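Enquirer: Fold the following for me, if possible:
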Amino acid sequence: MENIVKIEYCTLCRWQLRAFWMAQELLQTFPDEIQEMQLRPTTGGIYNIYLNGQLLYSRQEKGRFPDIKILKQMIRDEVSPERDLGHSDRKEK
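Expert: This next block holds a predicted model:
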């Protein structure tokens, strides 16, 4: 199964750089697990992240942007549950 990540972001809110940065982080962390990365500009304050067509994270629902550490863990749990994320898996003190 190919894993496809899509990030929808609001251009009016100027969230392009955040979307590009998150895409880069995810592709760097999961070079073999993510086969396609989609960036979809939209409007209306939208910042959604989908994995294989399923909504994984919505800024509107959560009231904040996803922490990259948590986002990586969420994707890992779906695409490669046995994988260790190193420092991203360590508990904060």
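Enquirer: what's next to whichever strand or helix holds I70, contact-wise?
Expert: When elements are defined using DSSP states H and E, I70 is found to belong to helix 68-79. The set of residues external to helix 68-79 that reach it, using C-beta atoms under 8 Å, 6 or more residues apart in numbering, is 3, 5, 22, 25-26, 29-30, 33-34, 49, 51-52, 56-57, 66, 83, 85, 88-89. All C-beta spots, glycine's among them, are computed from the backbone N, C-alpha and C.
Enquirer: Go again with 7 Å.
Expert: By C-beta atoms under 7 Å, 6 or more residues apart in numbering, the list of residues contacting helix 68-79 from outside reads 3, 22, 25-26, 29-30, 33, 49, 51, 56-57, 83, 85, 88.
Enquirer: Next, the buried residues of that helix.
Expert: By neighbour count, with 16 or more other C-beta atoms under 10 Å as the criterion, the buried positions of helix 68-79 are L71, K72, I75, R76, V79.
Enquirer: Check stretch 6-16 too.
Expert: In stretch 6-16, residues buried by neighbour count (16+ other C-beta under 10 Å) are K6, I7, E8, Y9, C10, W15.
Enquirer: Turn these into a markdown table, including distance to L39.
Expert: Supplementary listing: the buried residues of stretch 6-16 in a markdown table, determined by distance: C-beta to C-beta, whole Å:
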| residue | distance to L39 |
| --- | --- |
| K6 | 8 |
| I7 | 5 |
| E8 | 8 |
| Y9 | 7 |
| C10 | 12 |
| W15 | 11 |
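Enquirer: Export the helix or strand where W21 lies to PDB, keeping only CA atoms.
Expert: Element membership of W21 [criterion: DSSP H and E] is helix 16-29. Once side chains and other backbone atoms are set aside, the C-alpha atoms of helix 16-29 remain, and they are given as PDB (Å, rounded to 0.1, in the frame of the first residue of the first chain):
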ATOM      1  CA  GLN A  16       2.500  28.000   3.200                       C
ATOM      2  CA  LEU A  17       5.900  27.900   5.000                       C
ATOM      3  CA  ARG A  18       4.500  25.900   7.900                       C
ATOM      4  CA  ALA A  19       3.000  23.400   5.400                       C
ATOM      5  CA  PHE A  20       6.300  23.200   3.500                       C
ATOM      6  CA  TRP A  21       8.300  22.700   6.600                       C
ATOM      7  CA  MET A  22       6.000  20.000   7.900                       C
ATOM      8  CA  ALA A  23       6.100  18.200   4.600                       C
ATOM      9  CA  GLN A  24       9.900  18.300   4.600                       C
ATOM     10  CA  GLU A  25      10.100  17.000   8.100                       C
ATOM     11  CA  LEU A  26       7.800  14.100   7.400                       C
ATOM     12  CA  LEU A  27       9.500  13.200   4.100                       C
ATOM     13  CA  GLN A  28      12.900  13.300   5.900                       C
ATOM     14  CA  THR A  29      11.600  11.100   8.800                       C
END
